[in-house]
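S.K.: Provide a 3D model corresponding to the input given below.
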Amino acid sequence: MDKLKKVLSGQDGNDDLNVLEGASEASTLGWGTRAKGFVACFVAGVLCSLLGTCLLWVPRSGLTLFAVFYSLGNIATLLSTMFLMGPLKQVKRMCDKTRALATAMMITCLILTLCAAFWWKNKGLALLFCILQFLAFTWYSLSYIPFARDGIIKLFSVCLK
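M.R.: Model (predicted):
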């Protein structure tokens with residue numbers, strides 16, 4: 001009500017909020033609702049990925065269906081984390097210096113998977129991009145665990161010697 005009075009009285013009402021912060025403030029959810037949204041999106045993502053894996057064996061169009069459902073599953077899984085920390089904070093964290101490359105690779109592989117499945121109609125490329133998408137999503141996920149990526153790099157360097 002106070003904001004309405006400020007606007008109607010001619011005051012600017014600008015509390016130094018940018019558009020994203022204003023949207024985030026207007027759409028705050030309770031913790032229970034956030035948890036339910038996270039679980040729903042995460043389960044939908046896992047089910048899409050599993051459905052895509054099952055559809056892989058369908059003759060003729062199986063690989064295309066796999067690429068589409070696997071990509072949709074990854075998108076839903078990624079969106080599920082936005083319920084936990086909010087969209088603005090999630091996007092900021094995705095663009096952090098430590099995650100920017102992993103985020104770019106993950107989104108690029110996701111887009112290339114869909115391009116290979118729909119526009120280029122190249123099943124081999126779609127499968128390759130699905131594998132790269134999995135690796136990029138794993139590398140992105142490991143960035144949230146402290147020292148996990150450093151440990152993986154050290155493990156591979158020891159194994160390769």
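
S.K.: what ranges does this protein have for its strands?
M.R.: Ranges of strands within the chain: none, based on DSSP state E.

S.K.: any regions of it where pLDDT drops low?
M.R.: For the chain, residues meeting the criterion pLDDT under 70 lie at 1-27.

S.K.: all helices for it, in order.
M.R.: Secondary structure of the chain by DSSP state H: the helices cover 2-8, 19-26, 31-55, 62-85, 87-94, 100-118, 123-142, 148-160.

S.K.: can you put the ones you listed in a markdown table and add mean neighbour count?
M.R.: C-beta: built from backbone N, CA, C; applies to glycine. A markdown table is the format used below for those (neighbours: other C-beta atoms under 10 Å):
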| stretch | mean neighbour count |
| --- | --- |
| helix 2-8 | 10 |
| helix 19-26 | 11 |
| helix 31-55 | 15 |
| helix 62-85 | 20 |
| helix 87-94 | 15 |
| helix 100-118 | 18 |
| helix 123-142 | 18 |
| helix 148-160 | 10 |
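
S.K.: how is this protein partitioned into domains?
M.R.: If the domains of the chain are taken from the TED database, they occupy 13-84, 96-160, with pieces of a single domain joined by a plus sign.

S.K.: can you list the ones you listed in CSV and add distance to Gln90?
M.R.: As requested, the domains of the chain are exported to CSV (distance: least, C-beta to C-beta, whole Å):
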stretch, distance to Gln90
domain 13-84, 5
domain 96-160, 11
